[in-house]
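**Student:** Kindly return the folded structure for what I paste below:
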Amino acid sequence: VTNPPIDPIREEMVMSLVCPVGPEANLLEVGPEHCHRLMVNHPVLTLEQLEAIKDTEFRGWRARTIDMTFPVGTGPQGLQEALDELCEQAAESLTMGEGDNNQLLILS
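**Tutor:** As a prediction, this is how the structure comes out:
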């Protein structure tokens with residue numbers, strides 16, 4: 001977004017909500033691995049789109065859903081503990097030993 005705003009036609013040419021999902025290759029080396037990404041047209045997903053991503057086998061990817069809720073009564077300390085646990089679960093998900101690792105993490 002520019003200030004002052006430019007006209008909508010030009011702004012559409014330089015603005016995008018497209019979100020590439022998946023492993024990012026080295027931008028300095030052009031190769032076929034650059035094509036191994038899923039392009040999501042909008043950062044807000046419908047339930048159907050989320051289910052499709054959860055169940056995907058696109059390029060052999062696997063998804064894991066991690067619960068990110070915490071008891072509100074635990075206050076700021078509970079939030080910090082929940083964030084620490086979330087980080088541990090996310091790191092574990094990416095390095096699971098059962099064959100393939102999870103390429104997609106869904107925080108719910």
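
**Student:** all strands of this structure, in order?
**Tutor:** 19-21, 38-40, 63-66, 104-107 (DSSP state E).

**Student:** Show me where the chain has its helices.
**Tutor:** For the chain, applying DSSP state H gives helices covering 8-14, 47-54, 75-94.

**Student:** The second one: which residues count as buried?
**Tutor:** If I follow you right, that is helix 47-54. By neighbour count on 16 or more other C-beta atoms under 10 Å, the buried set for helix 47-54 is I53. Heads up, the C-betas are built off the backbone N, CA and C, glycines and all.

**Student:** just for this protein, where's the confidence low?
**Tutor:** Applying pLDDT under 70 to the chain flags residues 1-9, 12-13, 96-100.

**Student:** Report the contact partners of the closest residue in space to N41 that isn't next to it in sequence.
**Tutor:** In this structure, N41 finds its nearest non-sequential neighbour in V18, 5.8 Å apart by C-beta to C-beta, 6 or more residues apart in numbering. Counting by C-beta atoms under 8 Å, 6 or more residues apart in numbering, V18 touches M39, V40, N41, H42.

**Student:** Cool, thanks, signing off.
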